[in-house]
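# here is a sequence together with a model predicted from it:
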Amino acid sequence: MTETTHLEHPQAHLLRTDRFPHIWCPTCGIGTVVKCFIDAIDKAKMDYDKMAIVSGIGCTGRVAGYVKLDSYHTTHGRAIPFATGLKLANRDLKVVVFSGDGDLSAIGGNHLIHAARRNMDIMVVCVNNFIYGMTGGQAAPTTPQPANTSTTPHGAFEPPFSLPSLLEACGAVYIARWTSLHVRRLTKSLTEALLKPGFSFVEAVAPCSTLYARRNRLGSGFDLMKFYHDHSRIEHDCDTSQLAIDYQKTIKVGKFLDIERPTWQELSERQLLTALGDDYYRAAEVKAAQQGEKDHVKA
Ligand code: SF4
């Protein structure tokens, strides 16, 4: 009789395996990025009870539902304001937004730029698949010219966003980009971004294998890995204005920015202290003081 051995997935402690099988297509890079993220959480020795993950809508938007942390699957483009609210309500939380390029830079574009401008203390992971994957492969703000998509059958002609350049201009303090081939390097950047105070941004390039790569003759699965292998160039500290992604040309990857500047929370407290002096108390301190008084009375 054949014996069956059941092996537990090595990342089962942080995966909601009861929700599997997941919805992602075979050869999609999103799963690889999730694997790197879970490894990064453990490498950074994060306290799972002090983390929250927020996603918007789309293929990558499903990530929050598969990772076993406090998870929120929000409406389209609204992951960042939701995450901001979580952070403001509980400054001890590490809040991560994990979503796609369409959700973050199109529908949620305004939230993205203003969270970076404010240096809101959240981490944003963007899986850039170059199109809208879940809704049929339409052109997105990140589609390279002149890629073929379902809404640009004769070639995309709109200039795409270069997300690292956009976010440096807005004020992010940590920016890195890798492809889903660069598993160890992506994990390292995700680890650093988890530990970085302020607005950190990691772009993971993973063209939609079903609706983008095949349509643009990049093949699928192994072909895509080979493409990244042959067409990625590591350029740490590269000027972010030089990071545009051209159609089927070399993709520059690396860690481009790692700087310090005050977070929104620090700036707001500094301003309130200046304006109000001793009259300024943080809500948490007031609550703690009130609790202390109650305990004193009871004793
Ligand atoms: S449609 Fe594209 S992005 Fe979505 S799961 Fe499939 S391969 Fe990935």
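The structure has been received and is ready for your questions.
# check contacts around the residue nearest in space to the middle of the chain.
Residue closest to the mean C-alpha point of the chain, counted by CA atoms, centre = their mean, is V125 at 1.1 Å. When the contact criterion is CB atoms under 8 Å, 6 or more residues apart in numbering, the partners of V125 are 33, 37, 96-99, 190, 193, 202, 204. For the C-beta atoms, the positions are set from N, CA and C on the backbone; glycine is no exception.
# now with 10 Å, please.
V125 makes contact with 33-34, 36-37, 40, 53, 55, 60, 63, 96-99, 104, 186, 189-190, 193-194, 200-204, according to CB atoms under 10 Å, 6 or more residues apart in numbering.
# grab the nearest non-local neighbour of A204.
Nearest residue to A204 in three dimensions, chain neighbours excluded: V33, at 4.5 Å (CB to CB, 6 or more residues apart in numbering).
# okay, and that neighbour sits in which element?
According to DSSP states H and E, V33 maps onto helix 30-43.
# tell me the buried residues in that helix?
30-41 (16 or more other CB atoms under 10 Å).
# between those, which is closest to F157?
Nearest to F157, judged by CB to CB, of the buried residues of helix 30-43 is I30 at 27.4 Å.
# who's in contact with that closest one?
Taking CB under 10 Å, 6+ apart, we find I30 in contact with 22-24, 58-63, 66, 98, 100, 127, 129, 133, 180, 204, 206, 208-209.
# now swap in V127 and tell me
Applying CB under 10 Å, 6+ apart, the residues near V127 are 28-30, 32-34, 58-61, 63, 98-101, 103-104, 133, 180, 202-206, 208.
# SS state for it?
strand (DSSP: H, G, I helix; E, B strand; the rest coil).
# got the residues of this structure near the ligand?
Applying CB under 6 Å from any ligand atom, we find that the chain lies next to the ligand at 24-25, 28, 30, 59, 129, 133-134, 208-211.
# pLDDT and distance to K45 for those - can I get that in TSV?
Listed next are the residues of the chain next to the ligand as TSV, based on pLDDT from 0 to 100; distance: CB to CB, whole Å:
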residue	pLDDT	distance to K45
W24	96	28
C25	95	33
C28	95	29
I30	97	25
C59	97	30
N129	97	30
G133	94	33
M134	92	34
C208	95	33
S209	93	33
T210	94	36
L211	94	38
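# can you pull out the helices in the stretch 151-299 of the chain?
163-170, 183-195, 222-231, 264-276, 283-298 (DSSP state H, counting those that start in this stretch).
# for A176, find the nearest of the ones you listed.
helix 183-195 (3.8 Å).
# starting at the chain centroid, how far to that closest one?
With CA atoms, centre = their mean, to the nearest Å as the basis, helix 183-195 stands 11 Å off its chain's centre.
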